[in-house]
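In: Return atomic coordinates for the entry below.
(one chain, ligands or ions: 1)
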Amino acid sequence: MGRKNKTNGSFDNPGYARLSSRYKLLESLMDSAPDVIYFKDKNGRLIMVNQAHARGLGLTPEEVIGKTDFDIFPRARAERMRKDDLQVIKTGKPIIDKIERATRPDGVDNYVSTTKIPRFDKKGKIIGIIGITRDITRRIHLDQVVQQKEVTEKKIHDLEELNKMKSELITVVSHELRTPLAIVNEAVNLVYEGIPGVINHRQKEILDKAQANLQRLKRMIDELLDLSRIEGRDFKLRYSLVNFNDLLGASLDFFKRAAAEKKIELSCDLPKKQVNIFLDFERINQVVYNLLNNAVKYTEEGGRISVEVKILENKLRVGVIDSGIGIAKEDLNKIFNKFVQVSRIPQFRQKGVGLGLSIVKELIEKHEGEIWVESKPGVGSKFYFTLPFFYTLRELNKNSQDKVNRLLEKNIPLYLINILVVNYRIFRKMTRISPQEFFSGLREIISRSANRAGGKLKSEIVFMDDKFGECSIIFPRAHAGQVSEFCDKFKKGVTDFIKQKNLQDVFINIGVVAYSPEGKLKQAQGLPVNLHISKIYIGSEVRRFRRMEYKANIDILLPGKIKDPSEVIDISEGGICLASSRQLKTDSRVRLDLKLPSGRQLSAVPARVAWIRVVDTLRYTEGQSYKIGLEFIRLDSAQKKVISGFIRSRAA
Ligand code: ADP
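Out: Numbering: from 1, shown residues only. Next up is the predicted model:
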């Protein structure tokens, strides 16, 4: 570059030959810089430019030399540049880091930072300028994102404060309303009963209406107070170990009468297995009550309501399905919001307050579950919710259940550790160890590890099943540090046991051990709870229950040959979880085209929609998005092999 023009500007001096090696150095330095660098003479003529400058203009350096900004840029911009050049030349003072918005010749908008310094000859006379221009578009965008983030964070904080104030206001006002309301109610009752004097039929009719509305007002206030309590910071779930079929049974008995009055057929599809699950009995009862109440309320005479319970991989799913009036598509997103009543049919309007579903959603999410709805006007609605479910619990005998519940009732913090030997049958065959021998070894390791864990950990095996390879231990009053120490000791104990019994070919891995750090016996939402559950997997195969994070694009093949590109979040041998902008139908069957990072491709893998989490999308994207749990249906052995191979490679 520029060398054949070395007669130009300050480089045309007799000492050039001597300087040529230094000049070469400068030239290669300039050319390797990503910034635009140029030398101009006093008249604004470019006498030397680097590769980056020429490249940006779509020219070669030779083509740029000799030109002025007026030959290259639009007039207005060239004038601005010339003005800056002249300022430097006249004042002898540099312009440093001047940030400007510019449009590149290819039409792309960007930001540049320009520094211009004067060039002097040997006598100190200004003979031109040296300019450096840097593309700082990314930096500016990053700054903008940071600024935007700060603004958004402040907005969220303000909104949270406002929300808190609003909740407090609601609590105070509702509370204050209760007393006068009770007095008015009492007065109406007295008059109705004819105590201050006999009233006629017409007057009774009027008071009937007043009473109904007073009841509605009371319900509204009660629900408002309840919702603000649930949303409040001090709200706590009170877990106990509950037999889910019993919980549902009681609710169903209650609603059978209400349904029968409307000639609605109410049926229930419960799993044959006992389902013991940790939940807040009162609150889940409230959820079931609300959903069934709505189902009865919004179903016309002669309709049908069914309740179904399904055990998913690690969740329990409950569906309340009715053949009622249904909900319009555009209203589906709204119904979990406060004070929303969407019914367009006059006789179904005004029947409620519009708070029931907000309470339901809040309660399910506090239990770390999902809730979603599918509906069609005139056909009916399907409300589903899930609750996390731990496999060993269903087998707990009554005594152990009572023991656990007594501790929970007293609000004693509790750790529960579930140990599962994965693929137990195969494991037993391969190890040729008798279940009795294995489990008595395990029992010993547990008690030894507990004894040695930080200041002796009080532990109790509440469940041990040598037929299925499952075991549950509780640690009352333990703290996280102790539990984590227990897990480490247990892991080592099992490893030693394996060596001792010469089982090294079989055992490879002790799977996930999760414990929350000290003082954070909290659920995901930061909710204080009195229960924490960890899981340990033993065995050569950790696949089935282990979910591996795995980000990739995936095509869901929907019925009717529709392809829906989505994004996988994680994968296990049982299924995958993905993010989608489309809400799929619960239990619908889809096929998946999966491309694993290893390059292996699986096409048309059959799967079933097991659960859906509605994700409130942030303000900058439109609509809602969904996290969808898909369970694989009967993979063939080749498909199984590819997926488990992938998971095993990740686990390793
Ligand atoms: P409400 O007290 O009005 O029943 P909810 O929060 O329980 O309040 O429900 C909000 C709205 O959602 C209802 O007003 C109704 O329009 C609609 N809705 C709820 N459940 C059903 C259902 N099973 N069928 C049809 N519409 C329903």
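In: Please report the distance of Lys262 from the ligand.
Out: Computed as CB to the nearest ligand atom, to the nearest Å, the Lys262 to the ligand distance reads 13 Å. (Glycine included, C-beta is placed from N, CA and C.)
In: Repeat that for Tyr239.
Out: 25 Å.
In: mind checking how far stretch 468-486 is from the chain centre?
Out: The chain centre lies 27 Å from the centre of stretch 468-486; the measure is CA atoms, centre = their mean, to the nearest Å.
In: Please save the CA atoms from it in CSV.
Out: Only the C-alpha atoms of stretch 468-486 are listed here, as CSV (Å, rounded to 0.1, in the frame of the first residue of the first chain):
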residue,chain,number,x,y,z
PHE,A,468,-37.5,-52.9,43.7
GLY,A,469,-34.2,-51.5,44.8
GLU,A,470,-35.6,-48.5,46.6
CYS,A,471,-34.8,-46.9,49.9
SER,A,472,-35.9,-43.7,51.7
ILE,A,473,-34.2,-42.1,54.6
ILE,A,474,-35.3,-39.1,56.6
PHE,A,475,-33.1,-36.7,58.6
PRO,A,476,-35.1,-34.6,61.0
ARG,A,477,-33.6,-31.3,62.1
ALA,A,478,-30.6,-31.8,59.9
HIS,A,479,-28.9,-29.0,58.2
ALA,A,480,-27.7,-28.9,54.7
GLY,A,481,-24.0,-29.2,55.6
GLN,A,482,-24.6,-32.4,57.4
VAL,A,483,-26.7,-33.8,54.6
SER,A,484,-24.1,-33.0,52.0
GLU,A,485,-21.5,-34.7,54.2
PHE,A,486,-23.7,-37.7,54.6
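In: Offset the numbering so it begins at 11, please.
Out: Yep, numbering from 11; the last one is stretch 478-496 now.
In: how close does the residue nearest to Lys386 when sequence neighbours are not counted sit to Gly388?
Out: In space, and not counting its chain neighbours, Lys386 is closest to Gly336: 5.0 Å by CB to CB, 6 or more residues apart in numbering. Distance of Gly336 to Gly388, given as CB to CB, to the nearest Å: 6 Å.
In: Look at these two and report which has more neighbours.
Out: Gly336 (22 against 8; other CB atoms under 10 Å).
In: Regarding the more buried one, what is its secondary structure?
Out: With DSSP: H, G, I helix; E, B strand; the rest coil as the basis, Gly336 sits in coil.
In: That one: what's it in contact with?
Out: The contact partners of Gly336, by CB atoms under 8 Å, 6 or more residues apart in numbering, come to 385-391.
In: same question, Glu233
Out: Listed by CB under 8 Å, 6+ apart, the contact set of Glu233 reads 363, 365-366, 369.
In: Keep only those that also lie close to the ligand.
Out: 363, 365-366 (CB under 6 Å from any ligand atom).
In: CSV for these, including neighbour count and pLDDT?
Out: Formatted as CSV, the ones next to the ligand among the contacts of Glu233 follow (neighbours: other CB atoms under 10 Å; pLDDT from 0 to 100):
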residue, neighbour count, pLDDT
Val363, 18, 75
Leu365, 21, 88
Gly366, 22, 92
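In: which among the residues you listed gets closest to the ligand?
Out: Distance to the ligand across the ones next to the ligand among the contacts of Glu233 (CB to the nearest ligand atom) is lowest for Gly366, with 2.8 Å.
In: packing partners for the helix ranked longest in the chain?
Out: When the chain is scanned for its longest helix (criterion: DSSP state H), the result is helix 147-203. Applying 3 or more CB pairs under 8 Å, 6 or more residues apart in numbering; DSSP states H and E, one finds that helix 147-203 contacts strand 119-130, helix 211-241.
In: And these: which comes nearest the ligand?
Out: helix 211-241 (7.8 Å).
In: buried set for the closest one?
Out: Within helix 211-241, the residues scored as buried using 16 or more other CB atoms under 10 Å are 217, 220, 224, 230-231, 233-238, 240-241.
In: right, and out of those, which lies closest to Pro398?
Out: Closest to Pro398 out of the buried residues of helix 211-241 is Ile240 (18.7 Å), distances taken as CB to CB.
In: Double-check that closest one against Leu373; I have them as touching.
Out: Yes. With contact defined as CB atoms under 8 Å, Ile240 counts as touching Leu373 (6.5 Å).
In: can you list the residues of the stretch 161-310 of the chain near the ligand?
Out: Counting by CB under 6 Å from any ligand atom, the stretch 161-310 of the chain comes close to the ligand at 300, 304-305, 308.
In: Redo these as a markdown table? Include pLDDT.
Out: Below are those laid out as a markdown table (pLDDT from 0 to 100):
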| residue | pLDDT |
| --- | --- |
| Asn300 | 95 |
| Asn304 | 93 |
| Ala305 | 95 |
| Tyr308 | 92 |
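In: Identify the residue nearest Val389 in space, chain neighbours excluded?
Out: Leaving aside its sequence neighbours, Val389 is closest to Gly336 (5.4 Å, by CB to CB, 6+ apart).
In: And that neighbour, what's its pLDDT?
Out: pLDDT recorded at Gly336 is 94.
In: go on, Phe288?
Out: pLDDT at Phe288 comes out at 83.
In: can you count the residues close to Ser608?
Out: When counting by other CB under 10 Å, one arrives at 10 neighbours for Ser608.
In: For the spatially most central residue of the chain, which non-adjacent residue is spatially closest?
Out: Centre of the chain computed as the mean C-alpha position; nearest residue by CA atoms, centre = their mean is Val625, 7.0 Å away. Nearest non-adjacent residue to Val625, counting by CB to CB, 6+ apart: Ser635, 4.9 Å away.
In: Count the residues that sit near the one you found.
Out: Neighbours around Ser635, by other CB under 10 Å: 20.
In: you'd agree it is up against Ile579?
Out: No. Counting by CB under 8 Å, Ser635 stays clear of Ile579, with 11.6 Å between them.
In: any residues in contact with both of these two?
Out: Joint contacts of Ser635 and Ile579 (CB under 8 Å, 6+ apart) are Ala589.
In: In the stretch 361-510 of the chain, mark out all the helices, start to finish.
Out: For the stretch 361-510 of the chain, the helices defined by DSSP state H, counting those that start in this stretch occupy 366-376, 408-419, 434-441, 445-462, 490-510.
In: And those, which one averages the lowest pLDDT?
Out: The bottom spot among the helices of the stretch 361-510 of the chain, by mean pLDDT, belongs to helix 434-441, with a mean of 72.
In: how close does the closest residue to Ile355 other than its chain neighbours sit to Arg354?
Out: Leaving aside its chain neighbours, Ile355 sits nearest to Ile335 (5.7 Å; criterion: CB to CB, 6+ apart). Using CB to CB, Ile335 is found at 9 Å from Arg354.
In: higher neighbour count, these two?
Out: Neighbour count, other CB under 10 Å: between Ile335 and Arg354, Ile335 has more, with 21 against 11.
In: got the phi/psi numbers for the more buried one?
Out: phi -70, psi -20 (degrees, to the nearest 10).
In: Contacts only, for it.
Out: Contacts of Ile335 (CB under 8 Å, 6+ apart): 308-310, 353, 355, 358, 387-388.
In: Leu418: which of those is nearest?
Out: Of these, the one sitting nearest to Leu418 (CB to CB) turns out to be Tyr308, at 35.7 Å.
In: I figured that closest one hits Ser333, correct?
Out: No. In this structure, Tyr308 is not within contact of Ser333 by CB under 8 Å, at 10.3 Å.
In: okay, now Ala268: neighbour count?
Out: 15.
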